[in-house]
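Peer 1: Return a 3D structure for these sequence lines:
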Amino acid sequence: MLRREIYEECLRYIESYWKEITFYLPKDYKIHIGLPNPFVAPNNRLFKNDQFYWDSYFIILGLVETGRVSLAKGMVDNLVHLYKRFGIIPSRNRFYNLGISQPPFLTSMALEVFRFTKDKEWLKSVARVAESELKNYWMSKRGVVEHLVYRGLSRYCDHYITHLTAEHESGWDMTSRFNERCLNYLPVDLNSCLYKYETDLAKIYKLLGEKPKAKRYLIQAKKRKKAVVELMWNEEKKFFFDFDYKGRKQSDFYSVAGFYPLWAELASKKQARGVVKNNLEIFEYEGGVVNTQKHGLSKEFKQHDYPNGWPNQQWIVIRGLLNYGFKEDAERIAEKWLNLNKRVFLRTGKFWEKYDVVNCDVGKSGRYPTQSGFGWTNAVFVKLVEEFCG
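Peer 2: Sure thing, here's the model as predicted:
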């Protein structure tokens, strides 16, 4: 068990910082789309007034742990509002982002909030939107944005339909993982998220007494799982890889996306054991988990590659390990990450968007200078302390 008191200075800073990155923009203003409820942005500079889609899930993990359940619920409601208004949950609330989404976490957010509110009517209303998003966006196979492309599995694809902008939709902007051909890949993280949508919806509708719907989503999830395992699981390497459906071959590029089947509980116990025993060491460094393999990277540095580790991905890996009983491994990685955050905080006075987990420093800059703040970093820090410090 880690000791909470060694992180108290960091926790006090984070607690005082929530107000610095909480914004309220009820009406459209210039490039920003108005949202009905206050929300937490990544920081108060480059990303001021921005509520990002996948950031919101990781931020909510921290908000509910610090008693900010109504703020967390409002952020979910903001995403629902965006979907009802535009038929998409955009990557963030800017008008020029209306053709691009981000990795889908709506059901995960809703269930985090529901743990505290127990409001079934609210949960039902969010589930209805998640169903529509799943069917009409992520599983769309006609129109401008074609996501569903092969064997019942989906890809990243925004309205520009270019490899570059599809990579932006992945949230991994940018990475060597897709070899600049993002449209060609069935991503293991996306399809794990969609599997979790299906199992979450089954769970929600069972809770609401709608058994036929619950059964339908379990059947849908089972089909997706079968396709993911057949195309993305590598029995020899004991790891999950993206699948190049255009070339009909599995990628051989190692990234933390391969841990998403553990987070989503898609992997079998045997597969999870193989991932952990054979491959965790590829990713684990002194400061936590690195995003990708060390070799075979682009000549130009990309910020979602080695040596950077990102707060959201630490949580995905750690939660995945816990799901399959690897508590010792999960706690060890959590401690490394918490200590790296603390060490850099004591030196710089700030928390950061991402970190160099190999050299234990602020993360290497990519498309833009590494930002301080930082919404999901603060939230994941709080969540890990709550999870491992009792």
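Peer 1: Going by residue numbers, what spans are helices in the stretch 101-250 of the chain?
Peer 2: When secondary structure is read from DSSP state H, counting those that start in this stretch, the stretch 101-250 of the chain shows helices at 106-117, 120-133, 163-169, 188-207, 211-232.
Peer 1: Out of these, which is the most enclosed?
Peer 2: Of the helices of the stretch 101-250 of the chain, the one with the most neighbours on average (mean count of other C-beta atoms under 10 Å) is helix 188-207, at a mean of 23. All C-beta atoms are positioned from the backbone trio N, CA, C, and that covers glycine.
Peer 1: who does it touch, helix- and strand-wise?
Peer 2: helix 106-117, helix 120-133, strand 153-154, helix 211-232, helix 260-263 (3 or more C-beta pairs under 8 Å, 6 or more residues apart in numbering; DSSP states H and E).
Peer 1: could you give the mean pLDDT of the fourth one?
Peer 2: Summarised as a single mean, pLDDT over helix 211-232 is 98.
Peer 1: How about the last one?
Peer 2: Per-region confidence: helix 260-263 scores 98 on mean pLDDT.
Peer 1: Give the buried residues for the following helix or strand past that helix.
Peer 2: Toward the C-terminal end, the helix or strand that comes next after helix 260-263 (DSSP states H and E) is helix 269-283. Neighbour-count burial for helix 269-283 flags 271-272, 274-276, 279-280, 282-283 (criterion: 16 or more other C-beta atoms under 10 Å).
Peer 1: Could you list the residues in contact with helix 269-283?
Peer 2: With contacts defined as C-beta atoms under 8 Å, 6 or more residues apart in numbering, helix 269-283 is touched by 229, 233, 237-240, 254, 256, 258-259, 261-262, 267, 289-290, 293, 317, 320-321, 323-324, 326, 329.
Peer 1: now, which of the residues you listed lie within strands?
Peer 2: Cross-referencing these against strands under DSSP state E gives 233, 239-240, 289.
Peer 1: Filter the residues you listed down to the buried ones.
Peer 2: Among the ones in strands among the contacts of helix 269-283, those classed as buried by neighbour count (16+ other C-beta under 10 Å) are 233, 239-240, 289.
Peer 1: which one of those residues is nearest Arg347?
Peer 2: Taking C-beta to C-beta as the measure, Arg347 sits nearest to Val289 out of these, at 21.4 Å.
Peer 1: mind listing what that closest one touches?
Peer 2: Val289 makes contact with 256, 283, 309, 313-314, 317, 333, 337, 357, according to C-beta under 8 Å, 6+ apart.
Peer 1: Quick one: the residues you listed as JSON lines, columns for distance to Ile21 and pLDDT too.
Peer 2: Below are the contacts of Val289 laid out as JSON lines (distance: C-beta to C-beta, whole Å; pLDDT from 0 to 100):
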{"residue": "Val256", "distance to Ile21": "25", "pLDDT": "98"}
{"residue": "Phe283", "distance to Ile21": "29", "pLDDT": "98"}
{"residue": "Gly309", "distance to Ile21": "21", "pLDDT": "98"}
{"residue": "Gln313", "distance to Ile21": "21", "pLDDT": "98"}
{"residue": "Gln314", "distance to Ile21": "20", "pLDDT": "98"}
{"residue": "Val317", "distance to Ile21": "25", "pLDDT": "98"}
{"residue": "Ile333", "distance to Ile21": "26", "pLDDT": "98"}
{"residue": "Trp337", "distance to Ile21": "20", "pLDDT": "98"}
{"residue": "Val357", "distance to Ile21": "23", "pLDDT": "98"}
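Peer 1: Among those residues, name the ones in helices.
Peer 2: Filtering the contacts of Val289 for membership in helices, criterion DSSP state H, returns 283, 313-314, 317, 333, 337.
Peer 1: Name the nearest of those residues relative to Ser132.
Peer 2: Distances from Ser132 to these, taken as C-beta to C-beta, are shortest for Gln313 (27.9 Å).
Peer 1: what about the closest one, neighbour count?
Peer 2: As a burial measure, Gln313 scores 28 neighbours (other C-beta atoms under 10 Å).
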